[in-house]
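>>> Provided below are the primary sequence and the corresponding predicted coordinates.
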Amino acid sequence: MSAPTSWFWEFGDGNTSTEQNPTHIYENPGLYTVSLTVSNQYGSDSETKIFYVEVTSVPVTEIRWFDPPTDTNTPLTPENPIFVEVTF
């Protein structure tokens, strides 16, 4: 048996990768079927995992700026330095 020389991932959300060890971010909650096809000079082999990835929620990020300590609604302008608060 010979090692794979190419990889083809299908993440179940319409995105694919040809990297050996890809990173993928799902943008919507759901169940996703993932497939991997590997190939070399002798042929190819595939494996599919049905509903292998479950995404239960997508993080929501709220970003607001303020000029403490008195005004929490100062608009962002080049003249106003800002403090940033990020909430996940």
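In hand now; what should we look at?

>>> now Pro22: how far from Val55?
As judged by C-beta to C-beta, to the nearest Å, Pro22 and Val55 stand 16 Å apart. Every residue, glycine included, has its C-beta placed from N, CA and C.

>>> Equivalent analysis for Ser39, please.
Distance from Ser39 to Val55, by C-beta to C-beta: 29 Å.

>>> the helices in this structure, which residues?
Under the criterion DSSP state H, the chain contains no helices.

>>> what's around Ser57, how many residues?
Neighbours of Ser57 under the rule other C-beta atoms under 10 Å: 7.

>>> That one reaches Glu27, doesn't it?
No - assessed by C-beta atoms under 8 Å, Ser57 is found out of contact with Glu27, at 11.7 Å.

>>> neighbouring contacts of stretch 35-46?
When contacts are defined by C-beta atoms under 8 Å, 6 or more residues apart in numbering, stretch 35-46 is touched by residues 2-10, 12, 47-49.

>>> switch to 7 Å and redo it
Ser2, Ala3, Pro4, Thr5, Ser6, Trp7, Phe8, Trp9, Glu10, Glu47, Thr48 (C-beta atoms under 7 Å, 6 or more residues apart in numbering).

>>> Identify the bridge partners of Trp7.
Val38 (DSSP bridges).

>>> go on, Val34?
Applying DSSP bridges to Val34 gives these bridge partners: Lys49.

>>> who touches it in this structure?
Glu10, Phe11, Gly12, Lys49, Tyr52, Val53.

>>> What ranges in the chain fall below the confidence cut-off?
Applying pLDDT under 70 to the chain flags residues 1, 58-88.

>>> give me that answer again for 50
Applying pLDDT under 50 to the chain picks out residues 69, 88.

>>> Quickly list the domain ranges of it.
What automatic domain parsing lists as the domains of the chain is 6-55, 59-88.
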